[in-house]
Structures are given as structure tokens and as C-alpha cells.
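1. sequence first, then the predicted structure, then my questions.
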Amino acid sequence: MEETLRDLIGRVKRGSLSRRGFVKRVAALGLTAPMATQLLAVTGAAPAAAQSVPAYAPTRRGGGALRILYWQASTLLNPHFAVGTTNQDSSRVFYEPLAGWATDGTLHPVLAAEIPSVENGGLSPDGRSVTWKLKRGVKWHDGQDFSADDVVFTAAYSRNPQVGATTSGSYQGLNVVKVDDYTVRVEFERPTPFWADAFVATAGVIIPRHLFANFNGPNSRDAPTNLRPVGTGAYRFVSFAPGDTLRAEANPNYHKPNRPFFDTVEIKGGGDAVSAARAVLQTADFDYAWNLQVEDEILQRLEAAGRGKVNIVEGGNIEFIQLNATDPNVEVNGERSSITTQHPAFRDPAVRQAMALLVDRESISRFIYGRGGPATPNFLNNPPRFRSPNMRMEFNVARANEILDRAGWARGQGGIRQKDGVRLRFVFQTSVNAPRQRTQQIIRQAAQRAGIEIELKTVTASVFFSSDVANPDTFTKFYADMQMYTTTMTQADPQRFMNQYVSWEISSRANSWQGRNIVRWRNEEYDRIFREAEGELDPVKRAALFIRMNDLIVGSNHIIPIVQRPLVSASLNNLRPVLSAWDSTVWLLSDWWREG
Amino acid sequence: MTSYLIRRLLLMIPSILGISVVLFTVLAMAPGDPFEELATNPAVPPEVRANLRASLGLDDPIHIRYVNWLFAMLKGDWGFSFVSRIPVDDLILQRLPVTIAVIGASQVLALLVALPVGIYAATRPYSIFDQIANTLAFVGFSLPTFFTGLLLILLFSIHLDWFPFVYRTQLDSTGWQWWWDQFRQSIMPVTVLGLFQGAALVRFVRSAVLDVIRLDHVTTARAKGIPERAVITRHVVRNAMIPVVTLVALQMPIIFGGAIVTEQIFRVPGIGSLLISAVLSNDTPVIMAVTFVFACLVILFNLIADLLYGWLDPRISYR
């Protein structure tokens, strides 16, 4: 298939095949239309940022006040210290990266003059360096000029261990060189196909060297700019009360024409998600409400007031079940779920397959999550060019029974199946959260009909998701047979997302349970193709590798994807926000406007 | 009196120390981790988290952390918020004005309702007015604030669209308009808190007045022909107020606690909502400071109540 694709893309490039014709032929191969257009974009056969960002219509400024509601309040305004989305977002109002991620998974230039590519000489063909051309004439809010020095300084600041920046991971294994005042080259130690991490999106916001240079060390938290940001953004700082309200006003010298539209921006924090939805959809006190993890039924009722609408932005976050590959009930040198053990029941592929058949994804999606959770057979769902066409989802109790019968799991005492002294009785844990508890119930009832007994366990979210080494109930320890949670995909590139199943990331006592492979599944082919993808520079080939990885892990049935978790927010009918699943809510606040 | 005051103040030291030890131990043993979000975020390497923990002194043994905290506190350094990375006392001071305004106003409202209603009901016990006041008082303090809060929001914000239900600290308007906006946004949280407090107080005022109204000196005053109004204000209410004043003083710290829920519902950025967000994000220094302030308030208001009692009732002497 790869050969065919490459041939087709080549024909589009040469002009002997129209783009529409390409999409049609690719559809015949089982690929979706968005996937096809993206393949064209990443291979340079189509203009990359053509339609990734909606058109900006206003021709003048002065749009009044924009009021945004977050049900979590931001507490600090240094983007490189930000823990959690709220703080990343509020500092992003003022600071900008070189480029941001549009929701279709393509890059959109902000402080960069253009997106580097092989064609424009920005990307070296060996994948070892990226050259960013910076926009000229950009000024910091205090009037100083923005230049390559600031970019180089940002990298040095973030990776300085004494600063304690939460973004430091994005600046490891690379070297940043100033070529001239408006050109910066990032050099990688190894060929790096995913080069758009440093200086891009949340981890990549550029901070002013002239204000932070004296605080690049243990005194980093004393910098006055931490609470009074000076950035290049469309809005500049007015006032900030940690945990409450952030206020900003239009930057009259912003580097894009006719922007920003609004005179002032206010971000209010605190409260709860339901009343935040109310304040936008029902009373219209606010223009936009962030991250509404609220039952869809309630949202629909509020939407009926007709003042606002719910925005759903599809990303890569996914709610899924893990079937432990190791035995949680056996201690090896004081460690449960140790990689030296095998799960007595889940080592049989028939049991795993039966479990997958017992999860009624369609019903869970329809009755519990609504628009906030479309059912999916894949672990890797977005951007569309990485979505596998090969996986199927099915809910079929009869077939599960048949498979278990055939594999020799006979019904015993109380109707529970067993084989060689192993009973199909599982502990299924998740965090305390109403939709998760309802999902647990649905799965337990179906399992019962197949002779599998499931004991439900719920753990408070603050414990379940903590990294507390002393607590046995954290999700990374996985002292249970099954567990369910949402894993987030924070970048439009799946490399960091798919490392959750490589053998060197297995969570264990040796790495204080910080490994990312929590299900503890091992597969040589997976490891090998992951390594291959890390160095594969051909975007088409690389996409194929990630699709294969998805098929391997999902096909093993050690994980059962349930529903995607798109970002749900609410805005007034006349507001035109620019949202993205791969970047901050306010990533392109400069382009938000109001109609009428 | 002075020696009594000094003795009480000295006695406060061991109790405050004891409270701080208990709070610190409980918080240190509680599950959770301020860097939880870092733990689940794949973009943050484990070394960064380890660095952060070390820089905030989280890896030291608990008794060393306590001693460090205590000495810093004695020097007036309340510690550093893990989450905001700014000093805790700044955070608390920022929240103080709003908290005092909302809680003060609600307490005034509670007294304005409770005193007249309680006194009037006591002067006509078992009358229709008394029955109605009693019933409403029962309803009032049986309904939790989160319920009445939501009820008011549904009625006045959503149905009638009279008041906003999101409290904003920095209003755009100036002059009289500012006062009007402030009034509109404060009225619901203040009413919820004030009526809850007032309902309990009504019952208390009524029984205190009933106790006094049957005493001999009241009968004597009436026999002398003093007008009923003067009898009630001068001879009854003044005496009945002694226990009421103590109760109000003792209740003050409880109100700070009770305001937490109301603050959360109406998004009032007070100390209570600071505590909630700190608990949710495991921001130990802030939790510690706020609970410690609450504990000190309890002790302080206890002392004030004792002193007031003696001042109001000269028969009580301090030794």
C-alpha cells in the first residue's frame, strides 16, 4: 500500500493527478478523506496551512470586552513554570511561541516568518537540524525588540536544572545556535523526524531575555516578571489575582494587522464546570467557558436557551481499559505486578478477546458520554493521517461465550468460568468519576453474562493519579487486574503518545513507577518499529509505522479503547474562537473576534 | 484583669503549637502530591520533578520539615505556595478584603434579621408570629448553604435574570454604578450566608429573651408603670444580650469555615475558596497556613468571648 501511496503522491506533485482524484483513489485503499489531504500536506504536495485556521474577517479593532471563564483558576504566569492547563493557558495570553498547532495537526507560524520545510531550506534532509526564520519588527510589550537572542535564551533558561522549568523536557538533546539576529538553528544529536517540539506550542513560548537574564538560576522564582508578564502577544498585562482573575488589554503594537479585535480580556477562574456552562449558555454573562466535562444531556438542555453553542474539538485523548499483563496478586521481592510474572488469566489471548467483545462501546458512548465521547476501535485516533483503518469494534456476548468455551474455560461454581484452578474473577479499578462508575457497571453486567465476575474498585482521583510512591492505589502501580482512565495526547505527533507500550518504559519499582508502559505489555516487533519511527524521516512511512503500532497493541487486546475524549467548551453564538486540540485554548487568541 | 489576660495569652502558645503539630502531621500523611499533573504529563522528564521536589524541600524527613516550617513562621515567613510560586501570606492578604466584606455583611444581615424577629417572637410567645418565625428558622438552618445558594441562582439569575452569579473582584464601573454592581453581585452570597446564620440566631435570641422576661426585675419594672417598650429595650434585651454576644463571638471562626461552600458556588475569591483550590492541588503550604489561621481565629475569638462576658456581666470576675 505504501508503494501505491508514494506513487500517487508523486503524480500529484508532478501535476498528472488532481488532488481530488488523489483523495478518491486513496479512499479506494481504505483511507479517509482527511487522512488523504493531510498526507498531501505533510509531503509538501499541498500548501500546509491553507485551511487549518479559519479566516479572520474584522478589518478594525475595538471589539469591546472578551470574558472567558475557567472553572479552575490560574495561579502563576510564567509559562515555563506552569503546572496544568490553566496556567499554561493564562500565560499564553501574553507570550507566544514560534509556531502553534492548528487543530488539523499542522503548524501555524506565530513568531516565525514561515514554517520550516525541506522545500524552503528550513529542514535539513538528514533530519539533524531545523532553521527557524523569525518575524521582523516584533516588539515586546515594554518596547524592546524581539530577536534571536530571546529564542536562544529561552532554551537555556528552560533546560537549566536550577530554574526547575516544567518545559525542560522539550529542550534536551538539542543545541540552539543563533545564525543572525532573525535566524535560529536547532541542531539535534540524532536525526529527529519530530522536530516541532522546541519553540513550538505550550512548551515553546519565548520569554524576554532582558527581563529574565538575571533570574536564570536558583532565584528564578523571585523574578517579578513571573507575576507581571511581558510578552509579544496580542494582549498585554493589566492585573492578576492568583486563583481568581486575570486581566489584559489590547496590545496596540501587535505584529499582525487588524489584530487583536477585543479591547480587553478577562479570564475568571474558580467554581465548577456545570455553572460555568450555565454562565455562557444560559445567562450569557461570559463569552467562553473552558473544558466542560459535563454530561451531554445537561449541555443540550442549556444549549436550548439559544444563546450559545457547545464547541467540540477532536484530539487524541482517549478513555480506555488496560488488562494487566502481569500478576497483581503475586509479590516478587516485595513488588506486585512485577514484570517477571504473567497474569494467570490474561495471558490467554482468548480471555482478552472475550473481554474486548464484552465492552459495549456504542452504548457507553451514546448513553454516558454523548457528544463528549465518540466510540472508537483505535488507540491512536488523531491527527487523521495516523488513524488505522484496520481495527473493528464489536459487542457480542454470545461470541465471547463461544470463544471462552472453545478455549476450555468452563463454567464452575456460581457460573464463573475457570480453568486449571484459575477463576475468571477480576478487580477492575478506576478513579471516582460518575461516567466511569457507570461504564464500570455496564461492563460488569456484560461480563457476568459471559461467566466472568468483576469486582469494581474506585479510587479518589487525587490518589489514583498521584505519583506517590508510598501509595498502593495509584494507576502507575496498577495493583489490579484491569483499570480504566483517560490518557492524554498533548502533541500532534504520536511519538510521545505511543511510547506507552515500549518495553523500556515499563512501570516498575526500579523506576519508582514512573515508566509510561503501565499495562506492562511487551512486544519485540513493537519495540523495533518504534525505534524505526524515531528516526524515520519520510512522513508517509512514519505514519504507516504508527498505524502498525496501534494495530499491534489494540490487536493484542491488552488495551481496549472505549471512547475518544474531545475537548468540549461553550461559547456565545456570535463569538468566533479559534480552537485547537493540540495546543492551548488561547493559542491564537489574537484571531478571536465577535460577529455583528 | 491584666494578669488574667497575660495568663490566657501565654496559655495560647502551647495550644497553637499543638495545633500546628497535628495539622502538619496530618497534611504530611495525607495522600496526594502537588506535582500530580507533572506525573501524568509525558512531556515532563522525571528528573525535573525530582529537582522541583528537592528545591521545595519535599524530600526531607517530616520532623525536619516541621522544624523548618516553625522557625520560618516565627520569622514571619509563611512559606511558598508550590502551585503559585509566590509567598503564602501574599495569597492570603489578597483574599482577605473580599472575605471580610462578604462575611461581615452577612453577619450584619444575620443580626439585623435575628434581633428584631427573636425579640418580638419572645415577647409574644406561641403567637402566630412566633410560630411562623420558629418554622422559618427551622427551615433556614436545616437547609445547607449549597442548596439555598443553587436555589437563589436558579431563581434570580436564570429565571428572573436580575443578578449575576459569578462574583467579579474587579468591576469595570466607577462611582455609584460601581456600588450598584457590587451590591448586585454580593446580594446572593451575603443573603445565603446571612440567613443561614440568622436562622440559628433567631432561636437563640428568642430563648435568651424568654429567660429574662420572666424574671422578677422585669415584673417590678412593669409594676412601676414603665412603658412596655422601655421595659423590653432597657431591662430585658440588655440582659438577654449577654449570652448572645458570646455566641456571636464564638461563631465568628465557624462562619469563616461555613463560607467555604458559598464562596465556591458564587466564585467569591475569598479565603475559603483559596483553601479548596489548595486542597485540590495538594498545595500543602497554603493549606497549612489557611487552616492555621482558622485555628488561631478560634482561639482568639474564644478569648474575646471570655473577656466580653466579664465586661457585660460585672458579677463575673477574673482571677
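-> Cool, the structure landed. Numbering: from 1, shown residues only, chains lettered A, B, ... in the order given.
2. contact partners for residue A:520?
-> Listed by Cβ atoms under 8 Å, 6 or more residues apart in numbering or on different chains, the contact set of residue A:520 reads A:324-326, A:337, A:339, A:478, A:506-508. Bear in mind the C-beta positions are built from the backbone N, C-alpha and C, glycine included.
3. hmm, stretch A:226-246 in reach of chain B?
-> Yes. Taking Cβ under 8 Å from any Cβ of the partner chain as the criterion, stretch A:226-246 and chain B are in contact, through A:226-227, A:239, A:241-245.
4. in PyMOL, select just the buried ones from those.
-> In PyMOL, this line selects whichever of the residues of stretch A:226-246 next to chain B come out buried by 16 or more other Cβ atoms under 10 Å in any protein chain shown:
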select buried, chain A and resi 226+227+241+242+243+244+245
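5. most centrally placed residue in chain B?
-> Closest residue to the average C-alpha location of chain B: residue B:256 at 1.8 Å, with Cα atoms, centre = their mean.
6. by mean pLDDT, flag the weakest helix or strand of the chain.
-> All of this refers to chain A. Lowest on mean pLDDT, DSSP states H and E among the helices and strands of chain A sits helix A:33-42, with a mean of 60.
7. could you do chain B instead?
-> The helix or strand of chain B with the poorest confidence is helix B:36-40; it has a mean of 58 (mean pLDDT, DSSP H and E).
8. quick revisit: surely the residue nearest to the centre of chain B meets residue B:275?
-> No. Taking contacts as Cβ atoms under 8 Å, residue B:256 lies outside contact range of residue B:275: 9.6 Å.
9. can you lay out the contacts of residue A:520 as a markdown table showing neighbour count, secondary structure and distance to residue B:59?
-> Shown next, in a markdown table, are the contacts of residue A:520 (neighbours: other Cβ atoms under 10 Å in any protein chain shown; DSSP: H, G, I helix; E, B strand; the rest coil; distance: Cβ to Cβ, whole Å):
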| residue | neighbour count | secondary structure | distance to residue B:59 |
| --- | --- | --- | --- |
| A:324 | 25 | coil | 30 |
| A:325 | 22 | coil | 32 |
| A:326 | 25 | coil | 29 |
| A:337 | 28 | coil | 25 |
| A:339 | 19 | coil | 27 |
| A:478 | 23 | coil | 25 |
| A:506 | 20 | strand | 25 |
| A:507 | 24 | coil | 21 |
| A:508 | 19 | coil | 21 |
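10. closest to chain B among those residues?
-> residue A:507 (11.3 Å; Cβ to the nearest Cβ).
11. and that closest one, what does it touch?
-> A:476-478, A:513-518, A:520.
12. hmm, which of the residues you listed is lowest in pLDDT?
-> In terms of pLDDT, the lowest of the contacts of residue A:507 is residue A:514, showing 79.
13. and it, how far is that from chain B?
-> Computed as Cβ to the nearest Cβ, to the nearest Å, the residue A:514 to chain B distance reads 5 Å.
14. now do residue A:476
-> With distances taken as Cβ to the nearest Cβ, residue A:476 is found 8 Å from chain B.
15. what about the closest residue to chain B within the stretch 301-450 of chain A, how many neighbours?
-> The nearest approach of the stretch 301-450 of chain A to chain B comes at residue A:305, 9.0 Å away (Cβ to the nearest Cβ). Each residue near residue A:305 was counted by other Cβ atoms under 10 Å in any protein chain shown, and the total is 13.
16. need phi/psi at it.
-> The phi/psi pair for residue A:305 (degrees, to the nearest 10) reads phi -60, psi -20.
17. which residues sit in contact with it?
-> A:281-282.
18. ditto for residue B:234
-> Contact analysis of residue B:234 by Cβ under 8 Å, 6+ apart lists residue B:221.
19. in three-state terms, label it for me.
-> helix (DSSP: H, G, I helix; E, B strand; the rest coil).
20. what's the spacing between it and chain A?
-> Counting by Cβ to the nearest Cβ - residue B:234 and chain A are separated by 47 Å.
21. same check on residue B:290?
-> Counting by Cβ to the nearest Cβ - residue B:290 and chain A are separated by 12 Å.
22. before we move on, back to that, between the residues of stretch A:226-246 next to chain B, which is nearest chain B?
-> For the residues of stretch A:226-246 next to chain B, the nearest to chain B is residue A:244 (3.7 Å; Cβ to the nearest Cβ).
23. any chance you could map the helices in the stretch 151-300 of chain B?
-> Here the stretch 151-300 of chain B has its helices, by DSSP state H, counting those that start in this stretch, at B:175-213, B:216-223, B:228-230, B:238-266, B:271-280, B:284-312.
24. should've said the stretch 251-400 of chain A
-> A:273-281, A:296-303, A:349-357, A:361-363, A:397-406.
25. before we move on, what about the stretch 1-150 of chain B?
-> B:2-29, B:36-40, B:46-55, B:62-74, B:88-123, B:128-142, B:145-152.
26. which parts of the stretch 51-200 of chain A sit against chain B?
-> So the stretch 51-200 of chain A meets chain B at A:65, A:69, A:72-73, A:75-76, A:78, A:81, A:83-84, A:161, A:164-170, A:172 (Cβ under 8 Å from any Cβ).
27. at 10 Å instead, please
-> Within reach of chain B by Cβ under 10 Å from any Cβ of the partner chain, the stretch 51-200 of chain A has these residues: A:65, A:67, A:69, A:71-78, A:81-87, A:158-159, A:161-170, A:172, A:197.
28. if any of the residues you listed are buried, put those into a ChimeraX selection.
-> Only the buried entries of these go into this ChimeraX selection, using 16+ other Cβ under 10 Å:
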select /A:67,69,71,72,73,74,75,76,77,78,81,82,83,84,85,86,87,158,159,163,164,165,166,167,168,169,170,197
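29. now, the residues of the stretch 51-200 of chain A next to chain B that are in helices?
-> Judged by DSSP state H, these include A:85-87, A:158-159 as members of helices.
30. what's the neighbour count on residue A:277?
-> Neighbour count of residue A:277, defined by other Cβ under 10 Å: 25.
31. wait, residue A:296
-> Residue A:296: 20 neighbours (other Cβ under 10 Å).
32. next: residue B:30.
-> The number of residues packed near residue B:30 is 14, by other Cβ under 10 Å.
33. ok, now residue B:313?
-> For residue B:313, using other Cβ under 10 Å, the count is 12.
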